[in-house]
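Q: fold the stuff below for me.
(one chain, ligands or ions: 1)
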Amino acid sequence: MTVTDPRMETQVGWKVTLDQDVCQGYACCVMAVPSVFDLDDGTGKAIVINPEPDASLRSAVEGAARGCPVHAIKVEAR
Ligand code: SF4
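A: Predicted coordinates:
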C-alpha cells in the first residue's frame, strides 16, 4: 500500500521555467496565473516572476504549462 504524506510533497520542491526563445507572448499564462507569470514590456514575452510558487498554485501552473500553445513552460523538480 502506498501512503502519500502531503508534508513530503511540500518538501520535494518544484520550479517553473520558461523558454523565452519560443514564447510568442500570447499572455495565456499571465492571465491564468498572474502571481507567477508576467509579460516583459521590453520583449513582449512572458517571464517567470515567481519560479518557486507555493504548492497551492501547482495545479494552476501545470494548467498554464499545458495551455501554452508553444510549450514554453516547464514544471520540474528542483
Ligand atoms: S502561454 Fe506560452 S506563449 Fe503565451 S505568453 Fe505564456 S509562455 Fe509565452
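
Q: show me what from this structure comes close to the ligand.
A: 18, 23-29, 46, 68-70, 72-73 (C-beta under 6 Å from any ligand atom). C-beta coordinates here come from the backbone N, C-alpha and C atoms, glycine included.

Q: which residues in this structure form strands?
A: Along the chain, counting by DSSP state E, strands occupy 14-18, 37-39, 46-48, 73-77.

Q: contacting residues around Thr17?
A: Contacts for Thr17 (C-beta atoms under 8 Å, 6 or more residues apart in numbering) come out as Val48, Pro51, Ile73, Lys74, Glu76.

Q: quick one: least confident of those?
A: Minimum pLDDT for the contacts of Thr17 is recorded at Glu76 (94).

Q: any chance of the residues of the chain next to the ligand in CSV, plus distance to Arg58?
A: Putting the residues of the chain next to the ligand into CSV (distance: C-beta to C-beta, whole Å) gives the following:
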residue, distance to Arg58
Leu18, 16
Cys23, 21
Gln24, 24
Gly25, 24
Tyr26, 22
Ala27, 21
Cys28, 18
Cys29, 14
Ala46, 18
Cys68, 16
Pro69, 21
Val70, 21
Ala72, 18
Ile73, 13
